[in-house]
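Participant: fold the following for me, if possible:
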Amino acid sequence: MSTQTLTPEQEANLRSICDAILPSGPEGPGAEDANVAEYILGQLSGEWGRGARMFREGPFIQPAHSGHGWQSAMTPVEVYRYGLDVLDLYSRKPFGSAIAALDVEQWDELISAWSTGRVEGFADVDGPQFFRTVRGNVAEGLFCDPSYGGNRDMVGWRWVGYPGVVQAHGGYRELIEDHDAPHTVAPRALDGQAVGSGVR
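Facilitator: Numbers count the residues shown, from 1 in each chain. Next up, the predicted model:
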């Protein structure tokens, strides 16, 4: 999926960030496996990206926990554009390249600096808060219903053994008393589609 929400360079950098936060490996699926970037791009180009139903009038606070909701006059797509540009500019100083070209070790260093507030250049947006937003969106892309563009082939659900939408299986009432018996089924999405064996 390609959108006009981000520039091509920002989109490439977003894909690299998603892969760095959730790399593929023997432990489980990665961002590319699950179409995580496609999910985020879809959200950014939709109502959420435009800030629909978000409180964006001050005063804003920086809460100690995430229970206060969105704390910015900027929309999510504006925050992503700003944050991606700050990260790209920052990476060119110590690494001499755009973030899309960083290797694994450089990514570890950048993410450590980003998540702890050591990336210079963040002013309109809090750097660690932007990291938490992106990391949360990556997790959403891994575990969302596939109808939202992520969790391709239900790889996230199959990874953790999640069966998907209860109604698509006809319910579990008859299994409630079987506390010790594993219930291994292929996960089903909102549209009733089943993919995979249900186990990985």
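Participant: around residue 114, how many other residues sit close by?
Facilitator: 23 (other CB atoms under 10 Å). The way it works is simple: take the backbone N, C-alpha and C, and place the C-beta from them, glycine included.
Participant: what helix or strand does it sit in?
Facilitator: helix 104-115 (DSSP states H and E).
Participant: ditto for residue 79
Facilitator: helix 76-91.
Participant: give me the buried positions along that helix.
Facilitator: 76-84, 86-88, 90-91 (16 or more other CB atoms under 10 Å).
Participant: and what of stretch 17-33?
Facilitator: So stretch 17-33, judged by 16+ other CB under 10 Å, has buried residues 17-23, 28-33.
Participant: run through who's touching it.
Facilitator: Contacts with stretch 17-33, where a contact means CB atoms under 8 Å, 6 or more residues apart in numbering, come from 15, 34, 36-37, 40, 84, 87, 99, 102, 104, 107, 110-111, 134-135, 138, 141-142, 152, 155-156, 159, 200.
Participant: out of these, list just those in helices.
Facilitator: Using DSSP state H, the subset of the contacts of stretch 17-33 located in helices is 15, 34, 36-37, 40, 84, 87, 104, 107, 110-111, 134-135, 138, 141-142, 155-156, 159.
Participant: pretty sure residue 119 sits in a helix.
Facilitator: No. Counting by DSSP: H, G, I helix; E, B strand; the rest coil, residue 119 is not part of a helix but coil.
Participant: generate a ChimeraX selection restricted to the buried subset of the ones in helices among the contacts of stretch 17-33.
Facilitator: The buried subset of those, as determined by 16+ other CB under 10 Å, is captured in ChimeraX by this line:
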select :15,34,36,37,40,84,87,107,110,111,134,135,138,141,142,155,156,159
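Participant: can you get me a residue count around residue 113?
Facilitator: Around residue 113 there are 18 other residues, counting by other CB under 10 Å.
Participant: my read: it touches residue 121, true?
Facilitator: No. In this structure, residue 113 is not within contact of residue 121 by CB atoms under 8 Å, at 11.1 Å.
Participant: what touches both of those two?
Facilitator: With CB under 8 Å, 6+ apart, residue 113 and residue 121 have common neighbours residue 90.
Participant: so who does the spatially most central residue of the chain touch?
Facilitator: For the chain, the residue nearest the mean C-alpha position is residue 138 (1.5 Å; CA atoms, centre = their mean). Residues near residue 138 by CB under 8 Å, 6+ apart: 18, 21-22, 31, 36, 40.
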